[in-house]
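Trainee: My questions concern the predicted model and sequence given below.
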Amino acid sequence: MEIGLYAESAGLSSLDETLPRARDLGITRIELATGGQNPRPFLDVDRLLESQPARRELLQQLADHGMTLSALNVSAFPLHPRLGRGHTDLTRATMRLAGELGVDRIVAQSGVPGDAPGATVPNWVVYPWPDDMRDTVRRQWDEAIVLWRELAAYGAGHGVRRICFELHPVNLVYNVPTLLMMREAVGEAIGANFDPSHLMWQGMDIPACVRAIGPAVFHVHVKDVMLHPQNQALVGLLDNRPDASFRDRPWNFCTPGFGHDARWWREFFVALSDIGYDDVASIENEDPYLPGIAGVEGAVPFLRQVM
């Protein structure tokens, strides 16, 4: 298994600055954003789609640093009542670009619609009560399945065979059953970008989730979670206070090894091995204590111990 990097999460100003730092750490795979939730992607999707020389230059730039692309990441909101059309167009553009770059997978999120026609914001229903909320969830799923069937067919036409959903709360697909529901409805193009951190704070058994998803684990992010019992005791795990600092939260993302120890991470990689996954473990750093490249520099030697 190779160590990769979600490039923009290293907190540097450009791909030119990021690649030599990643190379010096021994990183061999790079994941690049195309927009969506990432406000400062390193790639100009429109320019790359228009220019074959620009695409060749990008691939050569990676090769000069001993790297290849692992995926394009379009963590967008394709079902958002207001943003959805533009983010769906971005997803299609990302699929076209991935195909032109010889990459057969994108990292995405399923999204979630609003609760009714005329809604202006998404509504993530996690407890379908009262009863009319059950109908809302059914309608949301119907809308999502129609969209992702169309996008899966579009991606296949451009060489993208794997849509890697991040199992991320505030999306319809956020755990094992919802991923498998979407995969059954849409087809085998749907799989997971397995980021254990989003499942950790929800209290899931991560190796069990890996084994349940099995060959539909298409891509892996490496990120840890540190629980803060003194805060959790007061607010639980679901904390929607918009102005709370990370020090006041019940949990935070963190560098691998700071939330779960080496033994835990070895068991995670054993589970991946058991399902036949031998691809990339892409570091995504969102550690507020070790932000940017500092967290990446801490993660790489730890991963070499446990992979």
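Mentor: Received it, and whenever you're ready, just let me know what you need.

Trainee: which SSE is residue 221 in?
Mentor: strand 217-222 (DSSP states H and E).

Trainee: Please apply the same query to residue 71.
Mentor: strand 68-74.

Trainee: Could you identify the helix or strand that succeeds that strand?
Mentor: Taking DSSP H and E, what comes next after strand 68-74 is helix 84-100.

Trainee: Partner strands of the following helix or strand past that next one and their direction?
Mentor: Counting by DSSP H and E, the element after helix 84-100 in chain order, helix or strand, is strand 105-108. On the basis of DSSP bridges, the sheet neighbours of strand 105-108 come out as strand 68-74 (parallel), strand 162-166 (parallel).

Trainee: Out of those, the one nearest residue 113 is which?
Mentor: Judged by Cβ to Cβ, the one of the strands paired with strand 105-108 that comes nearest to residue 113 is strand 162-166, at 15.8 Å. Quick note: C-beta positions are derived from backbone N, CA and C, even for glycine.

Trainee: Next SSE downstream of that closest one?
Mentor: Assigned by DSSP H and E, the successor of strand 162-166 is helix 176-186.

Trainee: Quick one: mean pLDDT over that next one.
Mentor: Averaged over helix 176-186, pLDDT sits at 98.

Trainee: burial of residue 150, as a residue count?
Mentor: Burial of residue 150 is recorded as 13 neighbouring residues (other Cβ atoms under 10 Å).

Trainee: same thing with residue 170?
Mentor: 13.

Trainee: May I have the phi/psi pair for it?
Mentor: With angles defined as degrees, to the nearest 10, residue 170 sits at phi 70, psi 20.

Trainee: what's the nearest residue to it if we skip its chain neighbours?
Mentor: Leaving aside its sequence neighbours, residue 170 sits nearest to residue 124 (Cβ to Cβ, 6 or more residues apart in numbering; 4.7 Å).

Trainee: In which helix or strand does that neighbour reside?
Mentor: Going by DSSP H and E, residue 124 is not in any helix or strand.

Trainee: can you pull the pLDDT of it?
Mentor: Looking at residue 124, its pLDDT reads 94.

Trainee: Check whether it really touches residue 169, as I assumed.
Mentor: Yes: in this structure, residue 124 is within contact of residue 169 by Cβ atoms under 8 Å, at 7.2 Å.

Trainee: on that earlier part again, residue 306 is nearest to which of the strands paired with strand 105-108?
Mentor: strand 68-74 (19.3 Å).

Trainee: hmm, who's touching that closest one?
Mentor: With Cβ atoms under 8 Å, 6 or more residues apart in numbering as the contact definition, strand 68-74 has outside contacts at 4, 6, 28-36, 38, 43, 59, 62, 90-91, 94, 97-98, 101-103, 105-108, 164, 193, 219, 279-280, 282.

Trainee: Give the full set of residues in contact with residue 284.
Mentor: Per Cβ under 8 Å, 6+ apart, neighbours of residue 284: 6, 9, 195, 221-223.

Trainee: what's the most distant pair in those residues?
Mentor: Longest span within the contacts of residue 284, Cβ to Cβ: 9 and 195, 11.6 Å.

Trainee: For the two, work out which one has more neighbours and name it.
Mentor: Comparing residue 9 with residue 195 by neighbour count (other Cβ under 10 Å), the higher total belongs to residue 9, at 25 against 22.

Trainee: circling back: can you put the strands paired with strand 105-108 in JSON lines and add mean neighbour count, mean pLDDT and distance to residue 85?
Mentor: What follows is the strands paired with strand 105-108, written out as JSON lines (neighbours: other Cβ atoms under 10 Å; pLDDT from 0 to 100; distance: least, Cβ to Cβ, whole Å):
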{"stretch": "strand 68-74", "mean neighbour count": "25", "mean pLDDT": "98", "distance to residue 85": "14"}
{"stretch": "strand 162-166", "mean neighbour count": "25", "mean pLDDT": "98", "distance to residue 85": "19"}
